[in-house]
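here is my input, please return the structure:
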Amino acid sequence: MKNVTLLALDTATEACSAALLRGGEKIHLEQLAQREHTKHILPMVDHVLAQGGITLNQVDALAFGRGPGSFTGVRIGAGIAQGLAFGANLPVIPISNLAAMAQAAYVQYQAETVLSAIDARMNEVYFAQWQVQKVRSDFGTFLHWQPVIEEQVCNPQNVLEQLARQEHSSAVLVGTGWAAYPQLAEANLGKTTDITLPSALYMLDLALPQWFAGQAISPLDIEPIYLRNEVTWKKLPGRE
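Numbers count the residues shown, from 1 in each chain. The predicted model follows:
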């Protein structure tokens, strides 16, 4: 495992991050970028590679946040991942932004049931419920986040209706969506956290078992996950 080198990047939300796994150690850099992802992400990638003492060509695979998130942010991340991967002849590993926050909750709070919600504006959230599973393989034991409620974009009332049909008494809440809408903030759905945005750091954890399982794909096959279609976004003046 220590010989695997993975690079991860994410621009799908207002956070911008890059992370490197090399020799079993992790290096990461993140900041709020708002609408300046294209200005920051490549220097951040260069920084973590330099800190790791390697070049892009020495990376085994490139993971990236494939969404959901802002249309522009998801598109930028997918495009940059594709360009870097083509340039260095690397396979890619798309990672769910909602699952990445679930992984953060496991690392920071030992959470096994996680409710992820990112504010999607327009009185909607990107939402999913996750349950952790420990999967044994020849390469070790890894975590797999099984969706109890599949990733979707929906309004807060629909979130509440779906959760009323699921067990979530021990759930941990992650994402900006819970505080964004009063009906969610007041619903007492689980343990609140300060994990509000995804990070490439935790995408490394999710990418590693996929690498060992041979699930990396060609950069030609990258498919960003918007959940909300492009037409809807373009109808909103001043919105990403």
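
outside of stretch 39-57, which residues touch it?
Residues from elsewhere that reach stretch 39-57 (C-beta atoms under 8 Å, 6 or more residues apart in numbering): 5, 7, 9, 11, 16-20, 22, 27-31, 33, 59, 76-77, 80, 84, 87-90. (C-beta placed from N, C-alpha, C; glycine too.)

take the residues you listed and keep only those in helices.
Residues of those located in helices (DSSP state H): 76-77, 80, 84, 87-88.

how far away is the residue nearest in space to the middle of the chain from Phe64?
For the chain, Asn97 is the residue whose C-alpha lies nearest the centre (C-alpha atoms, centre = their mean; 2.2 Å). Distance, Asn97 to Phe64, by C-beta to C-beta, to the nearest Å: 10 Å.

figure out how far stretch 173-188 is from the centre of its chain.
19 Å (C-alpha atoms, centre = their mean, to the nearest Å).

what does stretch 221-230 give?
With C-alpha atoms, centre = their mean as the basis, stretch 221-230 stands 14 Å off its chain's centre.

kindly report the same for stretch 79-97.
Relative to its parent chain, stretch 79-97 has a centroid offset of 14 Å by C-alpha atoms, centre = their mean.

mind checking which of the ones in helices among the contacts of stretch 39-57 are buried?
By neighbour count, with 16 or more other C-beta atoms under 10 Å, the ones in helices among the contacts of stretch 39-57 hold 76-77, 80, 84 as buried.

tally up the residues packed near the closest residue in space to the residue nearest to the centre of the chain that isn't next to it in sequence, please.
Spatially, and ignoring its direct neighbours in sequence, Asn97 is nearest to Pro198 (4.2 Å; C-beta to C-beta, 6 or more residues apart in numbering). Using other C-beta atoms under 10 Å, Pro198 has 31 neighbouring residues.

quick one: contacts for Pro198?
So Pro198 contacts 10, 12-13, 15, 17, 65, 69, 97-98, 100-101, 104 (C-beta under 8 Å, 6+ apart).

now it, what's its secondary structure?
Three-state assignment for Pro198 (DSSP: H, G, I helix; E, B strand; the rest coil): coil.

now the one 10 residues further on
When the structure is split into helix, strand and coil by three-state DSSP, Leu208 lands in helix.

I figured it hits Leu6, correct?
Yes: using C-beta atoms under 8 Å, Leu208 is in contact with Leu6, at 6.5 Å.

what's the overlap in contacts for these two?
Common neighbours of Leu208 and Leu6 (C-beta under 8 Å, 6+ apart) are Leu21.

contact partners of the helix or strand harbouring Met203?
Using DSSP states H and E, Met203 sits within helix 200-212. Applying C-beta under 8 Å, 6+ apart, the contact partners of helix 200-212 are 1, 4, 6, 8-10, 17-21, 26, 28, 30, 60-61, 63-65, 93, 95-96, 99-101, 103-104, 107, 135, 137, 139, 142-145, 216.

which of these are buried?
Among these, those classed as buried by 16+ other C-beta under 10 Å are 4, 6, 8-10, 17-21, 26, 28, 30, 60-61, 63-65, 93, 95-96, 99-101, 103-104, 142-143, 145, 216.

in strands, which of these fall?
Counting by DSSP state E, these place 6, 8-10, 17-21, 26, 28, 30, 61, 63-65, 93, 95, 142-143, 145 in strands.

confirm Tyr226 sits in a strand?
No: counting by three-state DSSP, Tyr226 falls outside a strand, being coil.

tell me the phi and psi of it?
phi -90, psi -30 (degrees, to the nearest 10).

please tell me I have it right and it contacts Pro68.
Yes: at 6.5 Å, Tyr226 and Pro68 qualify as touching, with contact defined as C-beta under 8 Å.
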